[in-house]
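K.L.:
below is the sequence, then the predicted model.
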Amino acid sequence: MTLQRVTTIAKPPRRPAESHKGTFGRVLIVAGSPGMSGAAALAGLGALRGGAGLVYIATPKSLLPIVGAIEPSYLTLPLSDGDDGQLATSALAEIEAAMEGKNACGIGPGLGASPSVQKVVTTLYRTAKLPMLFDADALNCLSKEREILSSPGGPRILTPHPGEFARLIDSDIKTVQANREKLAIEFAAENKVVLVLKGHATVVTDGERVYTNTTGNSGMATGGTGDVLTGLTTALLAQQMPTFEAAQLAVFLHGRAGDLAAEELSEPGLIASDLARFLGKAWLSL
Ligand SMILES: NC(=O)C1=CN([C@@H]2O[C@H](COP(=O)(O)OP(=O)(O)OC[C@H]3O[C@@H](n4cnc5c(N)ncnc54)[C@H](OP(=O)(O)O)[C@@H]3O)[C@@H](O)[C@H]2O)[C@@H](O)CC1
Ligand SMILES: Nc1ncnc2c1ncn2[C@@H]1O[C@H](COP(=O)(O)OP(=O)(O)O)[C@@H](O)[C@H]1O
Ligand SMILES: [Mg+2]
């Protein structure tokens with residue numbers, strides 16, 4: 001099969017005048033654990049600024065007051081947690097119930113790595129029909145059960161940074177960085193998923209098409225910027241964009257927000273929540 005190099009940016013979702021919040025999709029974010037409530041909040045901000053109609057953050061119940069206080073626009077859903085504060089196995093059924101009526105789900109930022117989290121994440125990967133994005137700790141769970149990667153239960157986007165991708169393919173960061181495009185394309189084709197290999201010049205591929213991103217800067221090398229991308233991409237999925245197009249537009253907009261933020265704030269002065277704030281200007285620049 002010949003590889004198609006994509007250079008044009010996917011068209012954003014239409015915003016018809018006759019619309020309401022239901023028109024623009026319901027996003028479910030599953031994220032957070034003690035010490036990493038910020039990851040859930042940042043993903044939620046990315047989803048809201050990505051144009052989603054409603055954003056639900058499902059997080060271990062002890063974190064709910066913290067996460068909910070960060071942004072009043074969130075809807076929050078408490079999930080059962082264990083003694084370690086991470087998701088309990090019973091959270092699986094709660095997440096499955098929460099998926100009813102949602103249009104897309106992003107899972108992983110700050111979720112932790114307990115055996116219960118492992119069970120929840122890998123089951124959802126195999127069985128959930130909803131379009132889903134897997135990031136951060138959810139990717140680390142998949143790395144421990146590589147045999148299921150080629151059996152996704154529905155449309156899937158995976159968004160590893162080079163460290164997470166090295167774990168996914170049982171390699172090392174040096175090898176990943178020396179062969180970014182080739183390894184990303186092979187992985188996407190083999191598993192029939194969209195792979196977003198993050199970092200400078202992020203690669204987006206479904207194994208047949210490949211896009212190398214041109215936006216973004218080193219100011220984005222700061223904790224939490226990937227969490228914002230998780231929310232943004234899931235919001236585009238919830239607005240009915242296909243997986244490759246959603247990932248490509250999200251990566252482009254995310255980097256553009258970083259560039260616009262850095263123009264005003266400098267690269268060292270940029271923090272992850274600024275990216276969410278500058279997404280508005282990034283949309284206007286399209
Ligand atoms: N506010 C919050 O709650 C936040 C919570 N967060 C949550 O923290 C959890 C841990 O996630 P994590 O990514 O920090 O750790 P991990 O998976 O061990 O990866 C580190 C390894 O990867 C490498 N590496 C990374 N990028 C690279 C690149 N571009 N190019 C090359 N190498 C690169 C890196 O390299 P090194 O630094 O060693 O050079 C290192 O080896 C996760 O749940 C996340 O969601 C964060 O989102 C922050 C905000
Ligand atoms: N030097 C850089 N140039 C462009 N983009 C970058 C750079 N460093 C990081 N990024 C972007 O910032 C985000 C970092 O995501 P990630 O590593 O998951 O961080 P976190 O887990 O802290 O949120 C990715 O979208 C990545 O492409
Ligand atoms: Mg990350």
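P.N.:
Great, that's in hand. Because the structure is predicted, anything quoted here is derived from the model rather than measured. Residues are numbered from 1 along each chain as shown. Ligands and ions are numbered 1, 2, ... in the order given.
K.L.:
three-state assignment of the most centrally placed residue in the chain?
P.N.:
The geometric centre of the chain, computed from its C-alpha atoms, lies nearest to residue 230 (C-alpha atoms, centre = their mean), at 2.2 Å. The three-state label given to residue 230 by DSSP: H, G, I helix; E, B strand; the rest coil is helix.
K.L.:
same question for the one 3 residues further on.
P.N.:
Put simply, residue 233 is helix when judged by three-state DSSP.
K.L.:
what pLDDT does it get?
P.N.:
The predicted local distance difference test score for residue 233 is 99.
K.L.:
now the closest residue to it other than its chain neighbours: which helix or strand?
P.N.:
The shortest distance from residue 233 to any non-neighbouring residue, by C-beta to C-beta, 6 or more residues apart in numbering, is to residue 250 (3.9 Å). (Glycine included, C-beta is placed from N, CA and C.) In this assignment (DSSP states H and E), residue 250 forms part of helix 243-265.
K.L.:
ok, back up a step: distance of the residue nearest to the centre of the chain from residue 50?
P.N.:
According to C-beta to C-beta, to the nearest Å, residue 230 stands 10 Å off from residue 50.
K.L.:
and if you look at residue 163?
P.N.:
With distances taken as C-beta to C-beta, residue 163 is found 25 Å from residue 50.
K.L.:
those two: which is more packed in?
P.N.:
Between residue 163 and residue 50, residue 50 has the larger neighbour count (other C-beta atoms under 10 Å), namely 32 against 15.
K.L.:
ok, that one - contacts?
P.N.:
231, 232, 233, 234, 235, 236, 239, 250, 253, 279 (C-beta atoms under 8 Å, 6 or more residues apart in numbering).
K.L.:
change it to 10 Å
P.N.:
12-13, 24-25, 27, 228-229, 231-239, 246, 249-250, 253-254, 276, 279, 283 (C-beta atoms under 10 Å, 6 or more residues apart in numbering).
K.L.:
for it, give me phi and psi.
P.N.:
Backbone torsions of residue 50, given as degrees, to the nearest 10, read phi -90, psi 0.
K.L.:
so it versus residue 138, what's the distance?
P.N.:
Here the distance between residue 50 and residue 138 works out to 19 Å (C-beta to C-beta).
K.L.:
cool, residue 205 as well?
P.N.:
Distance of residue 205 to residue 138, computed by C-beta to C-beta: 19 Å.
K.L.:
quick one: which of those two has more around it?
P.N.:
Neighbours of residue 205 and residue 138, each counted by other C-beta under 10 Å, are more numerous for residue 138; the result is 30 against 27.
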